[in-house]
Each structure stands twice: as C-alpha cells, then as structure tokens.
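Peer 1: Output the structure for:
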Amino acid sequence: MIRPKVRGGVCMNAHPAGCAAEVRGQIQTAQTSISRSEAANGPKTVLIIGGSTGYGLSSRITAAFGYNAETISVSFEREPTEKKPATPGWYNTKAFDREAEKAGLASTSFFGDAFSHEMKERIAETLKERGRTVDLLVYSLASGVRPDPDTGETYRSALKPIGTSYSTVSLDFMNETLSETTLETATDDDVRQTVKVMGGEDWYLWTKALQDRGLLSDDFITVSYSYIGPEVTHPIYRSGTIGKAKEHLEGTARELDRELGDRRSAYVSINKAVVTRASAVIPAVPLYVSLLFSVMKSEGLHEGCQEQMNRLFRDRLYTGGEIPADSEGRIRMDDWEMREDVQREVSRRWEAVNESNLHDYADIEGYRSDFLRLHGFSVHGVNYEQEVDFRSVPEAEEA
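Peer 2: Next comes the predicted model:
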C-alpha cells in the first residue's frame, strides 16, 4: 500500500492506480467538452514539450480526446525501480498512451532531456518518418534547472524578489497553519539564470528547429503558458526573478510571431491559478489559491487544468476565426480569475484570514485534494487499502 509522503509542500511519491484514474477522469472531461463539429476544426498533429503533468498533460488530453489529434510528448521523468515508485508524470504518460491506443489514437511519448539538441533531432526524425508536420506546438515545460545544450553550463532558477527582501504569509496546507516567510533579494546572476531556465530561449529553439526542417504546417500555432496573478503575489512572482523570465517568454512570443510569417502564429497564454507541483512551494501562492478557489467555486467560475485547456482550445485557439488576445498579444485565460468582483472578494479575505477562520475564507480541503491528486492520491474510486505494484500502471477502474 502506498501512502502520500509530503514534506514542505513537496510530495515525494506517487500512486500508479490513482494517476491512471485521474488521467481517465480528465479524458472523460475532454470528451464531453468538445463537440464533433468543433473537433473537425482542430489540430491534427500536436507536439507538447512537458506533456506529462499539469497544463501540459491536460493540453495533450484535449488535443487527443477532444480533437482526435496525433500527439507527441517530451518530458523528463523518473521510472520506477524495485524499491521506489516512479514520478507521477511517468505514470500519467503510460496511462495516457494506453488509453490513446484503446481509442485508436496515435501517440508517442519520449522521456529525456527536452533542452538537448539530441531530443529536438529525435522528434524531427520521428515527424519526417511519419510524413507529418506540426499544427500545434505547446511549450509547457516546468523545470528548476536547465543544462545549456551548447556550453554544458547548468542554469538554476531562483524564487526571489528584486531590489529588496519580501515578507509574506505562507500556508502549510497539509497542517492548516499560517506563518510568515521572508525571501532575500535576488542577485543579478539569480535573474540571469532564472531567465535562462524559465524564459523563452528553449521554446524559441524548439520552434526554429522544426521550422528549419520544414516541419511546421501552413496554419501552425505555438503557445507557451504563463501567469500574472494579483498584486499580492507580484513581489515574488511578476516583479521578481520569475517575472523577468515571464517577460522574456512574452518577448519570445513576439519575436517568433514576426519570424514565422503569414498564417503561422505564436502566443503566450496567461492561465488561471491552479494547484501545481511547482506553485505549491511558492510563498503566498497556496494561501491565495485557496482563497481564490473558495470565491470562484461560490460564483460557479472554478476551473481545473483540464477545464481550462478545453476552453483554451475550444474558445480561443480553434474557433475558426481570429484568436482573441490582449494589447500585448497574450491570450487571457485568467479572465474569470481577474474579474474585478472576484479579486475584490479575494483581497478582502486575504486581509481578514487567520488560522481560526481559515476554513471560513479558504478552500483548504479543495487545495489539498488537488495537490494530492497530482500524485495519484485522493482520487475518487481508487482503493488505497489495496496493495499495488508500483513498477507498472494498472488499468483504471470505471468510476
């Protein structure tokens, strides 16, 4: 029997049966969200860089099970050993490939270093062998480190404010406690390395590698995912080291858009705050997201990763018309989160929340459940009292 091991906002293990059931649940959501007529206007071949968890996995599920597209995914995951379970992304990917095969959908999954020239060459050769061009490239890579494919230097991202230290409230969502956290100011090298890891450089290299080999379709779209969020998180997110990387990402979208030419386009999609493995360790974010969930659920506006990606594809990327974007050329999928009435209520709760009224103002249970489900725990219909062989992915039982 596998129990979740959570330390400091990080889950150290994963449950294969739970991951398989979660993937199947997301597939069912995609199948019921995209109509047959809508699917006819969608992409035929989709490449997802970082397609094993979070928004990347949900994008792959929407493309395949919503639009019947062939999907190719690249991700860096740890496979199981005799003593340790695999990462959740490994189980997710194996479950996805099995479900795709059962549905008669073409899918290919690569595990390896997406930053390397060798992986780009492997994908290019795969596309050439199949006589395919890419209709949609989704760049959704979430990594804290990046080896430079040319120099060999390893860049490491830093989660720090710029200019001055910053203190904020952190939520331990497993123990339901609040504490103050202070982050020291970033150095110039912290900023440089964070931009190298989380900026748009590798996204640009992937797009240009495919373009130079003639592997982009005439109506090619590429999209990378980002976040802006409220002012309360700006010092450590939008105005901090991560923010500098996101500015570079948005600049890369504009550069790609110019270089791709007519009928091909590049976008950054500003997505809604959801629970991710990365965001769970960013100070202020778990508390903000818990407050946000409570407000958005009460207003009937809440979306998880899968619902958000279904809406991105259906209502933005593949409507048959022009893709709506803001003045900076960004697709605003955070439109419901950033609604004035939603943010006003979240701000009111942020000022008033404490440990005694936490459950009145914040959706702690919802946040914790989403976090555990990312790792295959707390998934409806899974018997966690049953022993499981973590070296493989069992068939997901029907809910």
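
Peer 1: confidence score at residue 355?
Peer 2: The confidence metric pLDDT takes the value 94 at residue 355.

Peer 1: If we ignore the residues flanking it in sequence, what's nearest it?
Peer 2: residue 178 (5.4 Å; C-beta to C-beta, 6 or more residues apart in numbering). C-betas here are computed from N, CA, C, even on glycine.

Peer 1: And what about that neighbour, helix, strand or coil?
Peer 2: Residue 178 falls in the strand class when you classify it by DSSP: H, G, I helix; E, B strand; the rest coil.

Peer 1: helix or strand for residue 127, which one?
Peer 2: When elements are assigned from DSSP states H and E, residue 127 belongs to helix 117-130.

Peer 1: next SSE after that helix?
Peer 2: Beyond helix 117-130 on the C-terminal side, the first helix or strand identified by DSSP H and E is strand 134-139.

Peer 1: State whether residue 158 is indeed within a strand.
Peer 2: No. Going by three-state DSSP, the assignment for residue 158 is coil, not a strand.

Peer 1: which residues sit in contact with it?
Peer 2: 186, 190-191, 193-194, 241 (C-beta atoms under 8 Å, 6 or more residues apart in numbering).

Peer 1: Serialize those to a markdown table and add fields for distance to residue 279, pLDDT and secondary structure.
Peer 2: Output for those, formatted as a markdown table (distance: C-beta to C-beta, whole Å; pLDDT from 0 to 100; DSSP: H, G, I helix; E, B strand; the rest coil):
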| residue | distance to residue 279 | pLDDT | secondary structure |
| --- | --- | --- | --- |
| 186 | 19 | 96 | coil |
| 190 | 19 | 97 | helix |
| 191 | 20 | 97 | helix |
| 193 | 20 | 97 | helix |
| 194 | 15 | 97 | helix |
| 241 | 15 | 96 | helix |
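
Peer 1: Tell me the one of the residues you listed nearest residue 71?
Peer 2: Proximity of those to residue 71 (C-beta to C-beta) peaks at residue 194, which lies at 29.6 Å.

Peer 1: Who are the contact partners of that closest one?
Peer 2: 155, 157-158, 186, 241-242, 244-245.

Peer 1: I'd guessed residue 146 sits against residue 199; true?
Peer 2: No. Residue 146 is beyond contact range of residue 199, at 9.6 Å (criterion: C-beta atoms under 8 Å).

Peer 1: In terms of helices and strands, where is the spatially most distant residue from the centre of the chain?
Peer 2: Residue farthest from the centre of the chain, counting by C-alpha atoms, centre = their mean, is residue 356 at 32.5 Å. Here residue 356, judged by DSSP H and E, is contained in no helix and no strand.

Peer 1: possible to save the contacts of residue 158 as TSV with distance to residue 263?
Peer 2: Output for the contacts of residue 158, formatted as TSV (distance: C-beta to C-beta, whole Å):
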residue	distance to residue 263
186	40
190	40
191	36
193	36
194	34
241	36
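
Peer 1: Walking through the stretch 201-350 of the chain, point out its helices one by one.
Peer 2: Secondary structure of the stretch 201-350 of the chain (DSSP state H, counting those that start in this stretch): helices located at 201-212, 241-260, 285-298, 305-312, 340-352.

Peer 1: thinking again about what came up before, quick one: buried residues of the helix holding residue 127?
Peer 2: For helix 117-130, a neighbour-count test (16 or more other C-beta atoms under 10 Å) marks 119-120, 123-124, 127 as buried.

Peer 1: Among those residues, which one sits closest to residue 14?
Peer 2: residue 119 (23.5 Å).

Peer 1: ok so, going back, run through who's touching the helix holding residue 127.
Peer 2: By C-beta under 8 Å, 6+ apart, helix 117-130 touches 45, 47, 72, 74, 108, 110, 112-113, 133-134, 149, 205-206, 209-210, 213, 215.

Peer 1: hmm, try it at 6 Å
Peer 2: 112-113, 149, 209, 213, 215 (C-beta atoms under 6 Å, 6 or more residues apart in numbering).

Peer 1: now the angle from it to helix 201-212?
Peer 2: 30 degrees (axes from the mean of the first three to the mean of the last three C-alpha atoms, to 10 degrees).

Peer 1: Now do the buried residues in stretch 369-389.
Peer 2: Quick answer for stretch 369-389 (16+ other C-beta under 10 Å): 369-379, 382, 384, 388.

Peer 1: Make CSV out of the helices of the stretch 201-350 of the chain and add mean neighbour count and distance to residue 59.
Peer 2: Shown next, in CSV, are these (neighbours: other C-beta atoms under 10 Å; distance: least, C-beta to C-beta, whole Å):
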stretch, mean neighbour count, distance to residue 59
helix 201-212, 19, 14
helix 241-260, 19, 16
helix 285-298, 23, 20
helix 305-312, 23, 5
helix 340-352, 14, 25
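
Peer 1: closest to residue 325 out of those?
Peer 2: Closest among the helices of the stretch 201-350 of the chain, using C-beta to C-beta: helix 241-260, at 9.8 Å.

Peer 1: which residues of the stretch 51-200 of the chain fall in strands?
Peer 2: All strands of the stretch 51-200 of the chain, identified by DSSP state E, counting those that start in this stretch, fall at 70-75, 107-111, 134-139, 145-147, 154-156, 166-172, 177-183.

Peer 1: Going by neighbour count, which of the contacts of helix 117-130 comes out on top?
Peer 2: residue 215 (20 neighbours; other C-beta atoms under 10 Å).

Peer 1: give the contact list for it.
Peer 2: 127, 133-134.

Peer 1: Just the pLDDT for the residue nearest to residue 355.
Peer 2: On pLDDT, residue 178 comes in at 95.

Peer 1: number of nearby residues for it?
Peer 2: With neighbours defined by other C-beta under 10 Å, the count for residue 178 comes to 14.

Peer 1: go on, residue 84?
Peer 2: Using other C-beta under 10 Å, the number of residues around residue 84 comes to 14.

Peer 1: Residue 353 now?
Peer 2: When neighbours are counted by other C-beta under 10 Å, residue 353 comes out with 19.

Peer 1: ditto for residue 284
Peer 2: Neighbours around residue 284, by other C-beta under 10 Å: 24.
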